[in-house]
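> Need a 3D model of the sequence below.
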Amino acid sequence: MWQKLYFNETIEAAIDKVIKDGLAYVHHDTGLITPNMGAMSARANWLFSGYQTMGRDCYLWHSIMFTYFGLVPKYCLERCYKVVVKVRNFRETILFHRLMNAASAHNNEIAPIAGKSGMDERTYTEEPWNAFIYADGLEDALSKYHHARKLVDECMEDGRNIRIIIKRSCTEFERAYGPTDQPFWEGITKENLDFQRHLEDIFSGQWGSAVQPDWLKNKLTFRFIKWANTIGDKSWLDLYPEDFLTMKAVTYHPQEDLENGTGKNQNDGGA
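Below you'll find the predicted structure:
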């Protein structure tokens, strides 16, 4: 293989940076640069459900090929669709995650659902929470959309007012290369496909389960609670009814409404 490799200073620098940043390591047995599994990170933003869909290796394709090499892989261009359930707060995020794992009890045709639910800290998205169901192509996405709609409507409180949409590929790809209805998305070029295959000779994928162990889900849920509390989302108290986070400061300023018990020395949230 090494005789076929070509030397490019930019590519070599990107390979070094992937390893330096801790996203991957050189595997002792295969000699390939192997990504550290993002789903198993104790700092992950997502609770994963089910298994990765066949032919999908998001951590390698997104976190490494796109982020470090600017490449949108073939599958991402041509087959990646997502059903997005627009959960509105912590409570809905956790309940939908539970629902994804229990969908078979609802006789749902898409169980087990492969996807993720969690906190969305990206500054270029509109919502602080999101839930995604992975689909392979538009036809599959439309089928899963209708099943998800039924599941949410029947099993979640106020479910009919929770929006569900279908989107294509990753938001980061759209930001870099334009809306997904533009010519760029018609298919991968031969040059980029050759480049992807070159990277596949260097990097190993991480196929298989994205199922997180219970201790990790517990840790990530606590991370979500802290995020919810920070953004003023008190819906977490519906599921965990003791406010063990918020510091209530003693206040001393004059109060206008003494009848509501807001006089001197009342506890109040403060800095």
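
> quick one: Cys170 and Leu77 touch, right?
No: with the criterion set as Cβ atoms under 8 Å, Cys170 and Leu77 do not qualify as a contacting pair; they are 10.8 Å apart. Quick note: C-beta positions are derived from backbone N, CA and C, even for glycine.

> With neighbour numbers in mind, choose between these two.
Shown here are Cys170 and Leu77; by other Cβ atoms under 10 Å, Leu77 has more neighbours (22 against 18).

> element containing the more buried one, please.
Leu77 is part of helix 74-78 when elements are defined by DSSP states H and E.

> Mind listing the strands the helix or strand following that helix pairs with, and their directions?
For helix 74-78, the succeeding helix or strand toward the C-terminus, using DSSP H and E, is strand 80-85. Strand 80-85 has the following strand partners under DSSP bridges: strand 129-136 (antiparallel), strand 164-168 (antiparallel).

> Go through the helix or strand just after the shortest one and flag the buried ones.
So the one you mean is strand 164-168. Tracing the chain C-terminally past strand 164-168 and defining elements by DSSP H and E, one meets helix 171-177 next. For helix 171-177, burial by neighbour count (16 or more other Cβ atoms under 10 Å) applies to Phe173, Glu174, Tyr177.

> Without its sequence neighbours, what residue ends up closest to the first one?
Okay, so that is Phe173. Spatial nearest neighbour of Phe173, chain neighbours left out: Val72 (5.1 Å); criterion: Cβ to Cβ, 6 or more residues apart in numbering.

> pretty sure that neighbour contacts Ser169?
Yes: judged on Cβ under 8 Å, Val72 makes contact with Ser169 at a distance of 7.5 Å.

> Counting neighbours, go ahead and name the busier of the two.
Of the pair Val72 and Ser169, Val72 is the one with more neighbours under other Cβ under 10 Å, namely 25 against 20.

> Helix, strand, or coil at the more buried one?
Look at Val72: counting by DSSP: H, G, I helix; E, B strand; the rest coil, its state is coil.

> residues in contact with it?
Phe66, Ser169, Phe173, Ala176, Tyr177, Ile188, Asn192 (Cβ atoms under 8 Å, 6 or more residues apart in numbering).

> From these, pick the one nearest Pro241.
Ser169 (39.7 Å; Cβ to Cβ).

> Check the burial of the closest residue to Lys234 other than its chain neighbours by counting its neighbours.
Distance criterion Cβ to Cβ, 6+ apart; nearest residue to Lys234, sequence neighbours excluded, is Ala228 at 7.5 Å. As a burial measure, the neighbour count of Ala228 was computed by other Cβ under 10 Å and equals 23.
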